[in-house]
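*Asks:* With the sequence up front, the predicted model follows.
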Amino acid sequence: LCLFLTGICMYVSAQESPSFKSLRYEEDYSGISPDSTRATYAQLKHVNLWRDDIFLSLGGSARCQFIKVENEDWGETRESSDVYRLARHLFHADVHGGKRWRTFIEFQSSLAAGKYDVSPLDKNSLELHQFFVDYSMIVKPAWRLTVRLGRQELRYGSERVVSVRNGPNNRQSFDGIKMFYASPNNTFDFFCSQFVAARYGSFNDKSNDVLRFWGAYAVKHHPPFNIDLYYLGIYKALAVFDDAVGKEVRHSIGARLWKKTDQLNLDIECIYQFGRLGGQSISAWTASIRSEYSLAGRFNPTIGVKTEIISGDSEYQDDN
């Protein structure tokens, strides 16, 4: 309730600030004046530590949900209906140390009340969700080359393959290193990381080498369309499928063509996967298209079409 009331009080002040982003570390408050006469919200977003380019930015968010589920287990158990509440709180501090150095830290508290079958994705009392350090090796007016080390969220493209896991109550993070290049028309990321597993309790989430994730992701902004090209690799010490059990090494190569304007949202993506799972080979593919068009009118209705095709296993126990 306190967070809600505080948010309402600061809502008007926040309207002239940069918009919130799904990845909070992508927000830039360097342009906000640190003048003490500014609103409380502006003062929190830019706290001078020494000079204008050495500052602290504070932020956070709260999400509350009330969920009622009927026949969750298709009526097979007595507890097939469930009514519960979920709450997720995030708080972050972003320290900018001039043009080259930056430290970002974020805490996450995911709570669940009344849920019959609770998992760490629903309830994870208090954790260090993100903690990384950036160093920009090259800083130019039009481009930048940066190395990031530590615990961080990863999100790419349409989030079909790499996502912050915003649907469940507990968001996902990774421990690793990332190098990224950014210019007005191009971005390129290379990363190597380990999955951070959620656990019950506080400050006990940790990564290990049983699940590793690495890849490279490039984005070319070339009007009227944008093009994504990427490679992703994943290693699991033990993967369990209906037709195979064992060590998994999977490689994904993908391409995405997209365009987003005030009226049109177009997204086309294709992925091919290969590798090994236990003693069997992996060969899979998927293609999807999503198109949305907003019509002019009083209520701005939107017409959309989405379709997807995914390859399957042609034969059971065929070693492929």
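*Replies:* Okay, I see it. Numbering: from 1, shown residues only.

*Asks:* So A112 is in contact with N124, correct?
*Replies:* No - with contact defined as Cβ atoms under 8 Å, A112 does not count as touching N124 (9.2 Å). Where you see a C-beta, it was placed from the backbone N, CA and C, and this is true even at glycine.

*Asks:* Touching both of these two, which residues are there?
*Replies:* When contacts are counted by Cβ atoms under 8 Å, 6 or more residues apart in numbering, A112 and N124 are jointly contacted by N169.

*Asks:* Would you agree R199 falls within a strand?
*Replies:* No - following the definition DSSP: H, G, I helix; E, B strand; the rest coil, R199 is coil and is not counted among the residues of a strand.

*Asks:* Start the count at 102 instead of 1 going forward.
*Replies:* Sure, I'll start counting at 102 from here, so that last one is R300.

*Asks:* ok, now which ones touch it?
*Replies:* If you count contacts by Cβ under 8 Å, 6+ apart, R300 has them with P221, N225, D306, K307.

*Asks:* In strands, which of those residues fall?
*Replies:* N225, K307 (DSSP state E).

*Asks:* Could you export the contacts of R300 to a markdown table, including columns for neighbour count, pLDDT and distance to S382?
*Replies:* Converted to a markdown table, those look like this (neighbours: other Cβ atoms under 10 Å; pLDDT from 0 to 100; distance: Cβ to Cβ, whole Å):
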| residue | neighbour count | pLDDT | distance to S382 |
| --- | --- | --- | --- |
| P221 | 18 | 93 | 33 |
| N225 | 25 | 94 | 37 |
| D306 | 21 | 95 | 34 |
| K307 | 13 | 92 | 32 |
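
*Asks:* can you map out the strands along this structure?
*Replies:* Here the chain has its strands, by DSSP E, at 148-149, 155-170, 183-198, 202-214, 225-240, 245-253, 275-283, 287-298, 307-323, 326-341, 346-361, 365-378, 381-395, 403-411.

*Asks:* need these in JSON lines with distance to K122, can you?
*Replies:* As requested, the strands of the chain are arranged in JSON lines below (distance: least, Cβ to Cβ, whole Å):
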{"stretch": "strand 148-149", "distance to K122": "20"}
{"stretch": "strand 155-170", "distance to K122": "11"}
{"stretch": "strand 183-198", "distance to K122": "12"}
{"stretch": "strand 202-214", "distance to K122": "13"}
{"stretch": "strand 225-240", "distance to K122": "14"}
{"stretch": "strand 245-253", "distance to K122": "14"}
{"stretch": "strand 275-283", "distance to K122": "15"}
{"stretch": "strand 287-298", "distance to K122": "15"}
{"stretch": "strand 307-323", "distance to K122": "16"}
{"stretch": "strand 326-341", "distance to K122": "17"}
{"stretch": "strand 346-361", "distance to K122": "15"}
{"stretch": "strand 365-378", "distance to K122": "18"}
{"stretch": "strand 381-395", "distance to K122": "21"}
{"stretch": "strand 403-411", "distance to K122": "22"}
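
*Asks:* who wins for proximity to D420 among those strands?
*Replies:* Of all the strands of the chain, it is strand 381-395 that lies closest to D420, at 4.9 Å by Cβ to Cβ.

*Asks:* by contact count, what packs against the closest one?
*Replies:* The elements that strand 381-395 packs onto, with contact taken as 3 or more Cβ pairs under 8 Å, 6 or more residues apart in numbering; DSSP states H and E, are strand 365-378, strand 403-411.

*Asks:* Setting aside sequence-adjacent positions, which residue approaches R357 most closely?
*Replies:* D329 (3.8 Å; Cβ to Cβ, 6 or more residues apart in numbering).

*Asks:* Show me the shaky parts of the stretch 202-351 of the chain.
*Replies:* Judged against pLDDT under 70, the stretch 202-351 of the chain has no low-scoring part.
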